[in-house]
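K.L.:
kindly generate the corresponding structure for this input.
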Amino acid sequence: MPQPPHGNSSEPAGPLQRTVRRARGQRARKTDAFHARSNGGRPARQQSVKIAVDLTQLVPGGENGGAKVMTLALLRAMSRLEPRWRFTLLMRASVWDELRPFAAENVSLMVVGRREQNSFPGVQRSGHVPSAWRQRARSARWLALPRAGHTWLLRRPRALPDWRQLAADAYFAPLAPPRFYHPRAPLVAVVHDLQHVDCRRFFATAERLARDMNLRMTRRRASLVICVSEFTRRRVVEHTGIERNRTCTIPIGFDPPSETDTDRDAEELLRAYGLARQAYLFFPANTWPHKNHLRLYQALAKYAAAAPQSKLQLVCTGADAGRRAELERAADSLGLTERVRQLGFVGPSDLQVLLRYSKALIFPSLYEGFGMPVLEAMHARVPVLCSHTTSLPEVAGDAALFLDPHAVDSIARAIARIDSEPDLAGQLIAAGQRRAAEHSTLDEMAAAYLDALSGVAATPTA
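P.N.:
Have a look, this model is predicted:
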């Protein structure tokens, strides 16, 4: 059986290897041209660009965390700001119902995946590559799927978009790693964090190695890597060795949702959850280990023991990552059965009410690539208590009460202060309003992404 070619082979280059080298050279020239234009001021955005958006990493519900919220908001804003552009969303059938509302005159949907060849009204279906080995040259020329250790060959038959039908000017992977790319089209990928590198203990060896392989493939193939914070950009450069001028930072922009609910509606919702205004701390986070639920429970138990007169509760929301039963047992063992409310995944409107009527947002996360809940709380005029690690000081500035997420005593002191110092909440709210105004809006973030995609796609290929 023929073996896949490797980049460091000493044999003479064949047609496939020459295609690879030519594409890499074109990618480098595109990146240099983009930065040359950017250094001289904002480049004029192209009037008509076709973008293939790789959303195959999306799963239903809240398991993608804040990255999904940011990605969907970004796509809505980009398609609205540039109606002349054409966006094709590459997606799995499992998220069809969620993404169907995105279909518009300049947004089309394409379902990809062997198991997802069902018929959906108004959606394109991908073609099928029947034999990767027999058609490796054609597959590599038209479309390639990343596989560990092999840059260009498809190791298994896959259902893939037909490049000639798609004809994209650029591929955009807002939830890296990318699953699709074309050697003649630039790839722009977004990296949200390097948690698998910096918090290795939270990942099984196989998952950690796979994530690192995906990151390094992104480094090799992307013309531009966009990071959501300077902290993440610094870690990407340090860990992968990517040239800094092939990276940039576009912080997450946010527009506060309109307050459509009345006070009566909010009161009814709080009663339904068994809560009262200003009587609970709010922690919106999936039950991933790095979110640090257990230390937060221990800190609340310590404060409750020191201040038995306080009736302060803790309300947690977020998708279950397989640890909810464990955390419920921990709360029971700490005597927090009546104080901790684990509500699971809730919809956006409920989430906003729960945040807005809380005493404070508490966010003792061990690791963040950005930290959207911090910014959301500031916009909602809610005091912020958060970790002093990773990207959170960059996001919060001087507008949060910082704590050490590794120290139960530090978390307990922060809880005690917000519950017992009447003036502290007002000071944090005022500082949070000033800090929120310094951050980008959603449209400003979307415009920065459009400029980046336009700049990278502008240089014609040979």
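
K.L.:
helices of the stretch 151-300 of the chain, residue ranges please.
P.N.:
Along the stretch 151-300 of the chain, the stretches classed as helices by DSSP state H, counting those that start in this stretch are 163-166, 195-198, 205-221, 230-240, 263-273, 293-306.

K.L.:
looking at the ones you listed, spot the one closest to R329.
P.N.:
When these are compared by C-beta to C-beta, helix 293-306 sits nearest R329, at 10.6 Å. Just so you know, the C-beta spots here come from the backbone N, C-alpha and C atoms, and that holds for glycine as well.

K.L.:
out of the helices and strands in the chain, which is least certain?
P.N.:
Every helix and strand in the chain was compared by mean pLDDT, DSSP states H and E; the lowest is helix 136-142, with a mean of 34.

K.L.:
before we move on, back to that, of the helices of the stretch 151-300 of the chain, give the one that comes closest to E338.
P.N.:
Evaluated over the helices of the stretch 151-300 of the chain, closeness to E338 peaks at helix 293-306, with 10.0 Å, by C-beta to C-beta.

K.L.:
could you check the angle the following helix or strand past that closest one makes with helix 263-273?
P.N.:
For helix 293-306, the succeeding helix or strand toward the C-terminus, using DSSP states H and E, is strand 313-317. Between strand 313-317 and helix 263-273, the angle comes out at 90 degrees (axes from the mean of the first three to the mean of the last three C-alpha atoms, to 10 degrees).

K.L.:
partner strands of strand 313-317 and their direction?
P.N.:
strand 280-284 (parallel), strand 340-344 (parallel) (DSSP bridges).

K.L.:
all strands of the stretch 351-462 of the chain, in order?
P.N.:
Assigned by DSSP state E, counting those that start in this stretch, the stretch 351-462 of the chain shows strands spanning 360-363, 384-387, 401-403.

K.L.:
can you add distance to F87 and mean pLDDT and give the helices of the stretch 151-300 of the chain back as a markdown table?
P.N.:
Formatted as a markdown table, those follow (distance: least, C-beta to C-beta, whole Å; pLDDT from 0 to 100):
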| stretch | distance to F87 | mean pLDDT |
| --- | --- | --- |
| helix 163-166 | 11 | 58 |
| helix 195-198 | 29 | 93 |
| helix 205-221 | 20 | 88 |
| helix 230-240 | 25 | 96 |
| helix 263-273 | 35 | 87 |
| helix 293-306 | 37 | 97 |
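
K.L.:
V456: which of those helices is closest?
P.N.:
With C-beta to C-beta, the closest approach to V456 among the helices of the stretch 151-300 of the chain belongs to helix 205-221: 12.7 Å.

K.L.:
now do the buried residues in that closest one.
P.N.:
For helix 205-221, burial by neighbour count (16 or more other C-beta atoms under 10 Å) applies to 208, 211-212, 214-219, 221.

K.L.:
with stretch 377-389 instead?
P.N.:
In terms of neighbour count (16+ other C-beta under 10 Å), stretch 377-389 has its buried residues at 377-380, 382-387, 389.

K.L.:
ok, now stretch 399-417?
P.N.:
By neighbour count on 16+ other C-beta under 10 Å, the buried set for stretch 399-417 is 399-405, 408, 410-416.

K.L.:
what of stretch 305-317?
P.N.:
Buried, per 16+ other C-beta under 10 Å, within stretch 305-317: 312-317.

K.L.:
could you list the alpha-carbon positions for it in PDB?
P.N.:
C-alpha atoms of stretch 305-317 as PDB (Å, rounded to 0.1, in the frame of the first residue of the first chain):
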ATOM      1  CA  ALA A 305     -19.500  29.000  59.500                       C
ATOM      2  CA  ALA A 306     -17.900  32.400  60.400                       C
ATOM      3  CA  ALA A 307     -21.100  34.400  59.700                       C
ATOM      4  CA  PRO A 308     -24.000  32.200  60.600                       C
ATOM      5  CA  GLN A 309     -26.400  35.200  60.500                       C
ATOM      6  CA  SER A 310     -25.800  35.500  56.800                       C
ATOM      7  CA  LYS A 311     -28.300  33.700  54.500                       C
ATOM      8  CA  LEU A 312     -26.200  34.300  51.400                       C
ATOM      9  CA  GLN A 313     -26.700  31.600  48.700                       C
ATOM     10  CA  LEU A 314     -24.700  30.600  45.700                       C
ATOM     11  CA  VAL A 315     -26.500  30.000  42.300                       C
ATOM     12  CA  CYS A 316     -24.600  28.100  39.700                       C
ATOM     13  CA  THR A 317     -25.700  27.700  36.000                       C
END
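
K.L.:
re earlier: ok, the buried residues of stretch 377-389 vs V456, which is closest?
P.N.:
H379 (31.1 Å).

K.L.:
I'd say M217 and A176 touch.
P.N.:
No. Judged on C-beta atoms under 8 Å, M217 makes no contact with A176 at a distance of 9.2 Å.

K.L.:
about what we covered before: ranking the strands paired with strand 313-317 by burial, who's on top?
P.N.:
Among the strands paired with strand 313-317, strand 280-284 has the highest mean neighbour count (mean count of other C-beta atoms under 10 Å), at a mean of 24.

K.L.:
go ahead and measure how far it is from the middle of the chain.
P.N.:
In terms of C-alpha atoms, centre = their mean, to the nearest Å, the centre of strand 280-284 is found 21 Å from the chain centre.

K.L.:
what of stretch 227-235?
P.N.:
Counting by C-alpha atoms, centre = their mean, stretch 227-235 comes out at 13 Å from the chain centroid.

K.L.:
in it, which residues are buried?
P.N.:
Of all the residues in stretch 227-235, those buried under the rule 16+ other C-beta under 10 Å are 227-229, 231-235.

K.L.:
how far does stretch 357-373 stretch from one end to the other?
P.N.:
15 Å (C-alpha to C-alpha, to the nearest Å).

K.L.:
show me the protein divided up by domain.
P.N.:
The chain breaks down by automatic domain parsing into domains covering 18-253+443-457, 263-439.

K.L.:
could you tell me the least trusted of the ones you listed?
P.N.:
In terms of average pLDDT, domain 18-253+443-457 trails the rest of the domains of the chain, at a mean of 75.

K.L.:
centre of the chain to stretch 278-288, how far?
P.N.:
20 Å.
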